[in-house]
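*Asks:* I need the structure of the sequence given here:
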Amino acid sequence: MALTLPSGDQSSDQDNWDNGRLARKRQLLTEIVLRNRLTALVVDADTTCRVLEQLLLRSYGVQTQGVDNGRDAVTLIASGVKFNLIIIDMILPILNGLEADS
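*Replies:* Numbers count the residues shown, from 1 in each chain. Predicted coordinates:
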């Protein structure tokens, strides 16, 4: 049996592996986030990681705020600011993620 390659005008199975389902799921997730105005707190001492995490969340429409240590996160939450999601690193200066959870 001979193998045939798709011609230039035909897309291969690999190109259409999800038949657009992934794009649709992303669109639905973005619509849900925007409708509910979800917010997230990102706590990470590594500035690059914190910024990348925030950019990823913002690409889905999540409003984010970032801090670089657990003490600032606890202070922010204690002041009454509400978040739907908190992403906190376990290894942080001043107050780490495990101590902040207590």
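
*Asks:* quick one: buried residues of stretch 64-81?
*Replies:* Under the neighbour-count criterion of 16 or more other Cβ atoms under 10 Å, stretch 64-81 has Thr64, Gly66, Val67, Asp68, Asn69, Gly70, Arg71, Asp72, Ala73, Val74, Leu76 buried. In this view, the C-beta of every residue, glycine as well, is placed from N, C-alpha and C.

*Asks:* Point to the residue nearest the middle of the chain.
*Replies:* Among the residues of the chain, the one closest to the centroid is Leu57, at 3.7 Å (Cα atoms, centre = their mean).

*Asks:* Hmm, that one is touching Thr64, no?
*Replies:* Yes - Leu57 lies in contact with Thr64 (Cβ atoms under 8 Å); the separation is 5.1 Å.

*Asks:* For the residue nearest to Pro93 when sequence neighbours are not counted, give me the pLDDT.
*Replies:* Among residues not flanking Pro93 along the chain, Asn69 sits closest, at 5.2 Å (Cβ to Cβ, 6 or more residues apart in numbering). We have a pLDDT of 89 for Asn69.
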